[in-house]
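Colleague: What follows is a protein structure lacking sequence information:
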């Protein structure tokens with residue numbers, strides 16, 4: 001190779017290295033920040049579902065993980081283990097929808113990178129609400145109308161992994177499909193010199209009611225599931241649609257990340273998440289192949305906001321849907337045939 005070409009190639013490599021150092025977020029793109037919205041129970045049946053902490057592995061038997069990560073004695077709870085009592089499916093024992101319930105759920109709101117589980121201080125959300133749907137609700141102009149309850153006044157500041165987060169205890173007074181949602185406040189992300197804002201939702205079926213899971217909430221940016229986002233067993237196909245102001249959003253980046261509670265290591269940053277682009281109908285699909293809490297995030301530019309220096313700075317808005325995927329049930333015959341050192 002001529003000396004001039006070698007010099008040019010060396011200069012190009014130096015420029016690429018300097019560019020990479022100046023743009024660390026591009027290299028770390030695979031681990032974006034997400035606003036966590038997670039109920040302490042993944043479903044509520046007549047025999048209470050076992051609480052599942054979205055960011056903690058299964059505690060030792062007889063311990064329950066608290067929000068700050070400390071263990072508290074609780075002989076009735078075994079982390080992610082199944083309830084020792086037989087599960088009662090409410091669909092087999094219908095309950096009068098007008099009847100009252102004595103159920104509750106804790107909601108955790110925090111800011112984190114799901115794969116590394118690193119958390120950040122979070123400002124109080126602009127909105128926190130729940131819409132309840134049931135089989136008795138009529139359609140109005142072809143749209144199912146949920147029973148709305150504003151919950152922002154119920155949130156309390158807490159510490160989660162030693163960072164400022166938010167929590168609320170919500171009474172579940174009737175059977176139904178509960179869609180929880182929050183609108184975060186725009187926050188300044190100094191490394192990327194831009195603002196970020198998230199519109200987040202998650203769902204909780206109570207006493208076997210599933211009607212309403214495919215009903216949009218009307219968020220500014222929203223992920224509408226086309227696959228029922230509960231009762232999933234890994235591996236499972238999950239599909240959805242990205243909506244902006246109720247209309248399909250084409251060609252938008254969609255990413256899927258699991259909260260890495262078991263601390264699985266990966267060979268490359270790309271393996272921390274799944275990525276796709278919405279099609280002409282705003283649709284996308286993924287295969288979620290591991291159990292746990294999954295975050296589905298779609299991002300698109302918003303209107304610029306005034307930055308710390310007074311100049312207009314870009315805003316990136318994100319729609320997030322959180323859902324839980326169960327592990328496949330153990331096959332007793334397969335377990336019996338394993339060598340003893342593998343059981």
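Modeller: Thanks, I have the structure now. Keep in mind the model is a prediction, meaning the values are calculated, not measured. Residues are numbered from 1 along each chain as shown.
Colleague: Tell me which helix or strand comes right after the helix or strand hosting residue 242.
Modeller: Residue 242 belongs to strand 236-244 when elements are defined using DSSP states H and E. Following the chain from strand 236-244 toward its C-terminal end, the next helix or strand by DSSP H and E is strand 247-248.
Colleague: distance between that following strand and the chain's centre?
Modeller: Strand 247-248 has its average C-alpha position 21 Å from the chain's average C-alpha position, going by Cα atoms, centre = their mean, to the nearest Å.
Colleague: Which strands or helices does it pack on?
Modeller: The helices and strands touching strand 247-248, judged by 3 or more Cβ pairs under 8 Å, 6 or more residues apart in numbering; DSSP states H and E, number zero. The way it works is simple: take the backbone N, C-alpha and C, and place the C-beta from them, glycine included.
Colleague: Tell me where the stretch 51-200 of the chain has helices.
Modeller: Here the stretch 51-200 of the chain has no helices by DSSP state H, counting those that start in this stretch.
Colleague: so where's it shaky on pLDDT?
Modeller: Along the stretch 51-200 of the chain, segments meeting pLDDT under 70 span 51-99.
Colleague: where exactly do the strands run in it?
Modeller: Taking DSSP state E, counting those that start in this stretch as the criterion, the stretch 51-200 of the chain carries its strands at 63-65, 71-73, 103-113, 118-120, 127-133, 139-140, 143-144, 147-150, 156-160, 163-172, 176-183, 187-189, 194-206.
Colleague: Sheet-wise, list the partners of the fourth one with their directions.
Modeller: The partner list of strand 118-120 in its sheet, established with DSSP bridges, is strand 103-113 (antiparallel).
Colleague: Let me have the strands of the stretch 51-200 of the chain in CSV, adding mean neighbour count and distance to residue 235 as columns.
Modeller: Shown next, in CSV, are these (neighbours: other Cβ atoms under 10 Å; distance: least, Cβ to Cβ, whole Å):
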stretch, mean neighbour count, distance to residue 235
strand 63-65, 20, 26
strand 71-73, 11, 31
strand 103-113, 20, 24
strand 118-120, 16, 27
strand 127-133, 20, 28
strand 139-140, 8, 34
strand 143-144, 14, 30
strand 147-150, 12, 35
strand 156-160, 15, 30
strand 163-172, 18, 30
strand 176-183, 24, 25
strand 187-189, 15, 33
strand 194-206, 23, 21
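Colleague: Please tabulate the ones you listed in CSV, including the columns distance to residue 217.
Modeller: As requested, those are arranged in CSV below (distance: least, Cβ to Cβ, whole Å):
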stretch, distance to residue 217
strand 63-65, 30
strand 71-73, 34
strand 103-113, 16
strand 118-120, 25
strand 127-133, 6
strand 139-140, 15
strand 143-144, 11
strand 147-150, 10
strand 156-160, 24
strand 163-172, 16
strand 176-183, 5
strand 187-189, 22
strand 194-206, 6
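Colleague: quick one: which of these is nearest residue 273?
Modeller: Within the strands of the stretch 51-200 of the chain, the stretch nearest residue 273 is strand 103-113; the backing value is 10.5 Å (Cβ to Cβ).
Colleague: Hey, what's the angle from the closest one to strand 127-133? Just curious.
Modeller: Here the directions of strand 103-113 and strand 127-133 differ by 130 degrees (axes from the mean of the first three to the mean of the last three Cα atoms, to 10 degrees).
Colleague: Run the angle between strand 103-113 and strand 176-183 for me.
Modeller: Relative orientation of strand 103-113 versus strand 176-183 (the same axes, to 10 degrees): 30 degrees.
Colleague: List the residue ranges of the stretch 201-343 of the chain that fall below the pLDDT cut-off.
Modeller: Looking along the stretch 201-343 of the chain with the criterion set at pLDDT under 70, you get 332-343.
Colleague: Tell me which stretches of it form strands.
Modeller: According to DSSP E, counting those that start in this stretch, the stretch 201-343 of the chain carries its strands in the segments 221-225, 232-233, 236-244, 247-248, 253-258, 274-277, 283-288, 292-306, 312-326.
Colleague: and the closest residue to residue 146 other than its chain neighbours, how far is that from residue 216?
Modeller: Closest residue to residue 146 in three dimensions, ignoring its sequence neighbours and counting by Cβ to Cβ, 6 or more residues apart in numbering: residue 131, at 3.3 Å. Here the criterion is Cβ to Cβ, to the nearest Å. By it, residue 131 lies 10 Å from residue 216.
Colleague: And residue 182, by the same measure?
Modeller: For residue 182, the distance to residue 216 - Cβ to Cβ - is 16 Å.
Colleague: Check residue 229 too.
Modeller: If you measure residue 229 against residue 216 using Cβ to Cβ, the figure is 13 Å.
Colleague: So which of the two has more stuff around it?
Modeller: It is residue 229, of residue 229 and residue 216, that has more neighbours when counted by other Cβ atoms under 10 Å, with 23 against 16.
Colleague: Is the more buried one in contact with residue 203, as I believe?
Modeller: Yes: between residue 229 and residue 203 there is a contact at 5.8 Å, judged by Cβ atoms under 8 Å.
Colleague: Identify the contacts common to these two.
Modeller: Contact criterion Cβ atoms under 8 Å, 6 or more residues apart in numbering; residues shared by residue 229 and residue 203: 213, 323.
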